[in-house]
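**Student:** Sequence first, then the predicted structure:
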Amino acid sequence: MSSSFRTPPLHPSGEVDLVALLQSVCQQKKLIICITAVAAFVAAAYAFMATPEYQVSSVLRPAAINELDALNRSEVYKLPPGEALIKVGAALESYDTRLSFFRANQQLFKNFERPGRTLEQSFEEFNRNSINLILPDPKKADSLSAYIKLEMNYPKGVDGVGILNSFVTYAIDSERQQIAADLDVIVKNRLNELSGKWAAARSNYVIDKEAKIASLREGDTLKRNQLQDELKALRAQLKTLRQDRIAQLNEAINIARSLGIKKPSTPSSLGDADRSGANSVMKTEINNQQVPLYFMGVDALEAERSALSQRKSDDFTEGRIAQISKELQLLQNNRQIEVLNLREKEDLFLNGVEPIRAEIARLGNLNIDMSRLKLVSIDRQALEPLRPVKPRKAMILIGGLVIGVMLGVLAAMILHFIRLNGRSPSSVLAIPEQANRKSHSRLSNRSEELAR
């Protein structure tokens, strides 16, 4: 099987004749110009007929410290400006946030909808090709502060400025609502925790009060029982003393009768009674010894015995009994227990709850206007672009001209080689025969020179 491809004719030296090739290419200027014109026309047609694509961008920077001061001073939710910027950036990059914005603003995305596609599929094309989040390169120090840049490419007929600005506002509002919800949950959890501590303090107070009341009642019962025991012992003692006194009186009465002492007397007067005499003499007796009881006389002793026998109670004879009765009367009602039971605002008597009460009051009066909370500073909003970023007409035209020239030159070179390969067989074969003859003549001349 013979091949249709022919090697280009070579110079006698084995190289392509560049001069002839350049001359052939220059002779085909019309062909090169035509091909270049066609390529330029195609490039121009694409440049002017392609749908223009525009690009808008928005730049966000950290908010001022005073914008988040109210939230940070609440001591409930800490949010430095840098973290707020990161949260907003995460919301801008979130697939869920973008899909929610797409669903909530479908009128802005009519040009992205295609027949036969679901809403999610249309959003996927928009999300993949249209919006890009750009963060500063940490290796480069070209920015004095952190920032987040959001770029959007969109075709002509789409309100790209409205979409990007609305999306930035939507993401900030969404993150603000999330922070407000987090703050509300944190405050509620803190209040529940403080309420638990308050309930524990109240429970401890109730237990302490009941324990104190029980302790007071127990003390009263113990003291009452002790006083009653003491009273009973005193009465028994007094009764015993009275009975002992009656026994002493009985014995003294018997002695007094036997001695004939009817009236109170003294030992000296008893001795003088046996003496007789008319003179009346008054004597005074000084004696440091106790006079026996029977000298009181039978009448006095019987009178005392009769009184003691008829006595029904000895309480009046002992002052301690009256004091015990007083103390028992006081123990009938414990005023401290009554005061404890009559307390109305018992929360005022709780111990160690002042910080809890103050914290509950502070959290209850916590009023942060989250609608005016500025999470980030919009350093630059999206503005209407002055010109499209695609297609780049000048670059396309220049590229078309360059490609046209290259294609034209290539076509001229191909025609040149085709013409060379298109010669008669004799002329084509004559070239190598002439080359062989010249080489033989050179070899013969060389051999002659060597022979000489």
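**Tutor:** Arrived safely.
**Student:** Where is the longest strand in this protein?
**Tutor:** For the chain, the strand with the greatest residue count under DSSP state E is strand 53-62.
**Student:** Can you tell me what sits against it?
**Tutor:** The contact list for strand 53-62 (C-beta atoms under 8 Å, 6 or more residues apart in numbering) reads 81-82, 84-85, 88-89, 145-156, 160-161, 164-165, 168, 376-385, 388-391. From N, CA and C alone the C-beta is placed, and that goes for glycine too.
**Student:** How about residues contacting the helix or strand just after it?
**Tutor:** Next in sequence after strand 53-62, counting helices and strands by DSSP states H and E, comes helix 69-73. Contact with helix 69-73 is made by 77-80, 179, 183, 368-369, 373, as judged by C-beta under 8 Å, 6+ apart.
**Student:** And the buried ones among those, selectable in PyMOL?
**Tutor:** Per 16 or more other C-beta atoms under 10 Å, the buried members of those correspond to this PyMOL selection:
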select buried, resi 79+179+183+368+373
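**Student:** what's near enough to touch the closest residue in space to residue 135 that isn't next to it in sequence?
**Tutor:** Among residues not flanking residue 135 along the chain, residue 148 sits closest, at 6.4 Å (C-beta to C-beta, 6 or more residues apart in numbering). Residue 148 is in contact with 59-61, 85, 88-89, 92, 133-135, 376, counting by C-beta under 8 Å, 6+ apart.
**Student:** Just the buried ones out of the residues you listed, please.
**Tutor:** For the contacts of residue 148, a burial check counting by 16+ other C-beta under 10 Å picks out 59-61, 85, 88-89, 92, 376.
**Student:** Next, count neighbours for residue 338.
**Tutor:** For residue 338, the count of nearby residues is 10 (other C-beta atoms under 10 Å).
**Student:** what's the helix or strand for residue 215?
**Tutor:** Element membership of residue 215, judged by DSSP H and E, is helix 160-259.
**Student:** Let me see the ranges of the strands in the stretch 301-450 of the chain.
**Tutor:** For the stretch 301-450 of the chain, applying DSSP state E, counting those that start in this stretch gives strands covering 376-380.
**Student:** Okay, helices next: where are they in it?
**Tutor:** 319-330, 335-341, 354-364, 393-421, 425-451 (DSSP state H, counting those that start in this stretch).
**Student:** what residues are up against residue 48?
**Tutor:** Here residue 48 is in contact with residue 393 (C-beta under 8 Å, 6+ apart).
**Student:** Going forward, count from 22.
**Tutor:** Fine by me, first position is 22 from now on; the one you just mentioned is residue 69.
**Student:** Looks to me like it is in a helix.
**Tutor:** Yes - applying DSSP: H, G, I helix; E, B strand; the rest coil, one finds residue 69 inside a helix.
**Student:** Turn the contacts of helix 90-94 into a markdown table, including pLDDT and distance to residue 67.
**Tutor:** Putting those into a markdown table (pLDDT from 0 to 100; distance: C-beta to C-beta, whole Å) gives the following:
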| residue | pLDDT | distance to residue 67 |
| --- | --- | --- |
| 98 | 88 | 55 |
| 99 | 90 | 56 |
| 100 | 90 | 51 |
| 101 | 91 | 51 |
| 200 | 91 | 49 |
| 204 | 90 | 55 |
| 389 | 85 | 57 |
| 390 | 83 | 55 |
| 394 | 86 | 50 |
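**Student:** of all the contacts of helix 90-94, which two lie farthest apart?
**Tutor:** With C-beta to C-beta as the measure, no two of these lie farther apart than 101 and 390, at 19.7 Å.
**Student:** among the buried ones among the contacts of residue 169, which two are most distant?
**Tutor:** Pairwise distances across these (C-beta to C-beta) peak at 13.6 Å, for the pair 82 and 113.
**Student:** Help me confirm that residue 63 comes into contact with residue 418.
**Tutor:** No - applying C-beta atoms under 8 Å as the test, residue 63 and residue 418 come out as separate, 10.6 Å apart.
**Student:** Could you list the low-pLDDT ranges of the stretch 22-171 of the chain?
**Tutor:** For the stretch 22-171 of the chain, applying pLDDT under 70 flags the ranges 22-37, 159-165.
**Student:** sorry, back to before: could I get the longest strand of the chain in CSV with only the CA atoms?
**Tutor:** The C-alpha trace of strand 74-83 is given here as CSV (Å, rounded to 0.1, in the frame of the first residue of the first chain):
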residue,chain,number,x,y,z
GLU,A,74,-20.9,39.8,31.1
TYR,A,75,-20.4,42.3,33.9
GLN,A,76,-18.7,42.1,37.3
VAL,A,77,-19.6,43.9,40.5
SER,A,78,-18.0,43.6,43.9
SER,A,79,-18.6,44.6,47.5
VAL,A,80,-16.1,44.9,50.3
LEU,A,81,-16.8,44.4,54.0
ARG,A,82,-14.5,45.4,56.9
PRO,A,83,-14.7,45.0,60.7
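**Student:** Who are the contact partners of residue 422?
**Tutor:** Residues near residue 422 by C-beta under 8 Å, 6+ apart: 57, 60-61, 64.
**Student:** quick one: pLDDT of it?
**Tutor:** pLDDT, residue 422: 86.
**Student:** go on, residue 473?
**Tutor:** At residue 473, pLDDT is 44.
**Student:** again with residue 236
**Tutor:** pLDDT, residue 236: 94.
**Student:** Relative to residue 254, how far out is the closest residue to residue 168 other than its chain neighbours?
**Tutor:** Distances taken as C-beta to C-beta, 6+ apart put residue 82 closest to residue 168, at 4.9 Å, once the chain neighbours are dropped. Per C-beta to C-beta, to the nearest Å, residue 82 is found 94 Å from residue 254.
**Student:** same check, this time on residue 316
**Tutor:** Here residue 316 is placed at a distance of 34 Å from residue 254 (C-beta to C-beta).
**Student:** which one of these two has more residues nearby?
**Tutor:** residue 316 (20 against 10).
**Student:** circling back: show me how far the helix holding residue 236 is from its chain's centre.
**Tutor:** Helix 181-280 has its C-alpha centroid displaced from the chain centroid by 38 Å (C-alpha atoms, centre = their mean, to the nearest Å).
**Student:** What of stretch 344-357?
**Tutor:** Mean C-alpha position of stretch 344-357 versus that of the full chain (C-alpha atoms, centre = their mean) differs by 59 Å.
**Student:** Just the endpoints, please. Distance across it?
**Tutor:** One end of stretch 344-357 to the other measures 22 Å (C-alpha to C-alpha, to the nearest Å).
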